[in-house]
Every structure is written in C-alpha cells, then in structure tokens.
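Asks: Show me how the following folds:
(one chain, ligands or ions: 1)
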Amino acid sequence: MESCDVLIVGGGPAGSTCAWRLKAAGLDVIVLDKQVFPRDKVCAGWITPAVIKELDLDCKDYAQGRVLQAFYGFRTGLIGGLQISTDYGQAVSYGIRRCEFDHYLLQRCGARLTLGESLNQLEYQQDRWIVNGHFSASLVVGAGGHFCPVARFLGAKLGSDEHVISAQELEFEMTPKQVERCQVDATRPELFFCSDLKGYGWCVRKGNFLNIGLGREDNHKLAQHVADFRAFLIERGKIPADVPDKFHGHAYLLSSQKRPRPLFADHALLIGDACGLASPQSGEGIRPAIESGLLAAKIIIDANGDYRAERLKAYEAQIIERFGKRSASNTTAWLPDGIRMLAARKLLDSPWFVRHVLLDRWFLQTNQPGFHKR
Ligand SMILES: Cc1cc2nc3c(=O)[nH]c(=O)nc-3n(C[C@H](O)[C@H](O)[C@H](O)COP(=O)(O)OP(=O)(O)OC[C@H]3O[C@@H](n4cnc5c(N)ncnc54)[C@H](O)[C@@H]3O)c2cc1C
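Replies: Residues are numbered from 1 along each chain as shown. Okay, here's the model as predicted:
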C-alpha cells in the first residue's frame, strides 16, 4: 500500500496547481491521472495574464520549445456579419497548447505522479481513503474534470440534471502552404458569435498552430453548427480550404449552475471543472481551475491534518466569494429570439460595447479584483 497525505485525482491545471502548493508546504502528495502525459485536452488554449501571475510562471523558461503566443487584441462579430477590431497595444492574453502547458505544470508540481491509471475504486476506511486498493490517503481531491469520478462519489449526478456547454474543437500545425493562406493574425484571435447568442466560435492562431472551435449552450445539432462555421471561415478566406474536418467534442459546466455540485465532504474536496467553475460569459475554465486549486490547497494546509467536513467548509464560501453565487445564468433567456438576435447585432456592431463589456468585462474580466489582493 502506497501512503500519502493527499491524493489528487486528475493532473490538469486544477490538480497540478493544488499539488504544487501542497508540496511547497511540505505535504506528501500523489497525483493520479488516467492518461499518460503529455496528453492533449479539448481547449482553445487561451489564458489571461492572471493565470501567469497566479502560477508564478516564468514566461522565458516556459517559452523554451513551447508555444506562448501573445494576444494584443481581438476581432469580433456575428457569424456571417461584420467584424470589429479591438487593439490594446499590449499583451492582454496568451495562447498556449494544452499538451505542453498541462505537462509543464504537472512536471513542475513536485508531487509523486501515477500516470496512465484511472480511479476505479474509492473506499473510506478508518479515517483514510483506499484508492484502487493500493493507495492510502488522508484526503482525496477530485480534479478529474467534468466527469470526475470523485464528484460522482460525493453525490453529483454527472450529465443528468446539469446544464452543460457542449463544444467541439480542432488544433493542428499548419503546413508552410497553409500558413501562407491563413488570414488569421496570430496576435488577434477571432471570435464569432452565433446569431441567437447561444454560443460562439473561435479561430485562434498560435504561431503555426491553428485552433478552431465552437461551443453552444445546447447540444442540438452541434456538429452541424461546427461544420457550418468551418465552411464560413473557408468562404471568408480566413482559413485554408484543406484544414482537417475532424473535430473533438467535450462539455463543461458553468459556475452559474442552478444545482451546483458539492464542493467538499469529510476528507474530500472538488476543484476545477470537477465542480463546474468555468465563466458563464466566456467559458474560461483554466483560471478558475487554478484559483480553486490554490484556494483548496490553503484550506488543506490550514486544516493541519484534521480533514473533517467542518474544517473544509470555508472552501465553499471562498469559491462563492470568488466566482459568485451559483444560480440561473442566462439573463436574456426571457427575451423572444427575434429580439435577442436584433440586440446582439446592434451590440456587436458597437466598438464601445465590444471593448468595454464584451472583451474587458466578460472575456478579460478586468473588473475582477486580483486573486492575491483580495
Ligand atoms: C472546447 C473547449 C474549449 C475551451 N477553451 C478554453 C480556453 O481557451 N481557455 C480556458 O481558460 N478554458 C477553456 N476551456 C475550459 C478548460 O479546458 C477547463 O475548464 C480546464 O481544462 C479545467 O481544468 P481541470 O484541471 O479542472 O480539468 P481537466 O483539464 O479536464 O483535467 C482533468 C484530468 O483528470 C483526468 N481524469 C479524468 N477522469 C479520471 C479518472 N477516472 N481517473 C484518473 N484521472 C482522471 C483527465 O485525464 C485529465 O487529465 C475550454 C473547454 C472546452 C470544452
């Protein structure tokens, strides 16, 4: 039996960040992930500067042999409509590749890694968790993403009764010919909103890599929406006509769930996508994964080995304070579709709205207090 203080299920950004902080405080940590790293993850790979700060990421070190694409602005509009360019004159976001980013963070965290093994069995015996019959841990952290088995164990009804965002994405390295024909500026990702405002598509270039995808509030005809979006980008001359058409799907929960997943229990905590923390407006989930990993680590360190639920419950209040109360999300849902579409068209044509509301407030969240300064 391999013993540790904390066993973290999932080595994505949430799990590796939590492990990194716990290791720094002297705890013995195991990270268990069903995949062998480097592994890919369906994601546009866009991170805000807060992520770099919170992770103490040394950009020069990170950029050695990895993609770190600075974004100085965005091009936005409706699918099929006009586009507006917004430039900030400085880096306001970055593009990373998840296969590189997640691997880097996991290697850096210093925990013992057990990769290529899925969590299959979880039992609670005499104040300790027995995991897969051969690990023993005082505390288990569920960081296994949307379908985290620890969340299921804590009572979450995965998939049923949960309102998810469904998305499909494709990332590939362009050939030199495709690079020549790609009209997307690497420093300015392009965002295209669906006319019913129920989702958006993106076209993000990171060096020679191109990431295209589309996410929607409903799963209805998602593949068709994605195929139409790809065809639209080709017709507009944005991307070469020979880009692959095999998109990968994934789903995620927003932090505004009506029936949120539990965040803690006796000797257990959930972080990141496992408890559904992605931003309702932009779908940004990496920063919430990292912040929840850091909040959980602090609670665990302060609990000083006493992991009863009452010692962990402050975590819930901190998550609500940071990400807001979890309640119904779509404030425009009561509007008839026609009015929503009309309003969308008007607002997305306004450079003021696009810069100050859509980008600053919803995508870059510049109004949110800094994580360390709260
Ligand atoms: C199409 C799409 C685009 C997105 N784009 C962005 C973006 O540009 N920027 C952004 O900030 N967010 C984006 N997100 C959201 C973001 O990807 C997630 O919020 C983020 O990955 C959450 O991190 P995590 O560590 O909680 O989970 P994950 O990154 O999902 O990591 C979970 C880990 O748990 C492991 N695991 C799962 N089950 C088990 C098991 N049974 N046993 C052991 N291990 C297990 C998995 O292998 C995985 O490595 C996007 C999401 C989608 C779907």
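
Asks: so how far is the helix or strand where E316 lies from its chain's centroid?
Replies: Applying DSSP states H and E as the criterion places E316 in helix 314-323. Distance of helix 314-323 from its chain centroid, counting by CA atoms, centre = their mean, to the nearest Å, is 18 Å.

Asks: Next one: it, is it in contact with the ligand?
Replies: No: using CB under 6 Å from any ligand atom, helix 314-323 never reaches the ligand; the gap is at least 12.2 Å. (Glycine included, C-beta is placed from N, CA and C.)

Asks: Would you mark the buried spots in that helix?
Replies: Residues Y315, E316, Q318, I319, R322, F323 are the ones in helix 314-323 that count as buried (16 or more other CB atoms under 10 Å).

Asks: Hmm, which of those residues is lowest in pLDDT?
Replies: The lowest pLDDT within the buried residues of helix 314-323 belongs to F323, with 88.

Asks: Surely that one touches G276?
Replies: No: shown here, F323 and G276 do not form a contact pair, counting by CB atoms under 8 Å, at 9.8 Å.

Asks: Pull out the buried residues from stretch 108-121.
Replies: Applying a neighbour-count criterion of 16+ other CB under 10 Å, one finds R108, C109, A111, L113, T114, L119 buried in stretch 108-121.

Asks: just stretch 240-253 next, same as before
Replies: P240, V243, F247, H250, A251, Y252, L253.

Asks: Now do the same contact list for the first one.
Replies: With contact set as CB atoms under 8 Å, 6 or more residues apart in numbering, P240 has these partners: M174, K177, Q178, R181, C182, I234.

Asks: try Y88
Replies: Applying CB under 8 Å, 6+ apart to Y88 gives the contacts Y72, G73.

Asks: so what's it scoring on pLDDT?
Replies: 97.

Asks: and the contacts of P240 as JSON lines, adding pLDDT and secondary structure?
Replies: Formatted as JSON lines, the contacts of P240 follow (pLDDT from 0 to 100; DSSP: H, G, I helix; E, B strand; the rest coil):
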{"residue": "M174", "pLDDT": "96", "secondary structure": "coil"}
{"residue": "K177", "pLDDT": "96", "secondary structure": "helix"}
{"residue": "Q178", "pLDDT": "96", "secondary structure": "helix"}
{"residue": "R181", "pLDDT": "93", "secondary structure": "helix"}
{"residue": "C182", "pLDDT": "95", "secondary structure": "coil"}
{"residue": "I234", "pLDDT": "96", "secondary structure": "helix"}
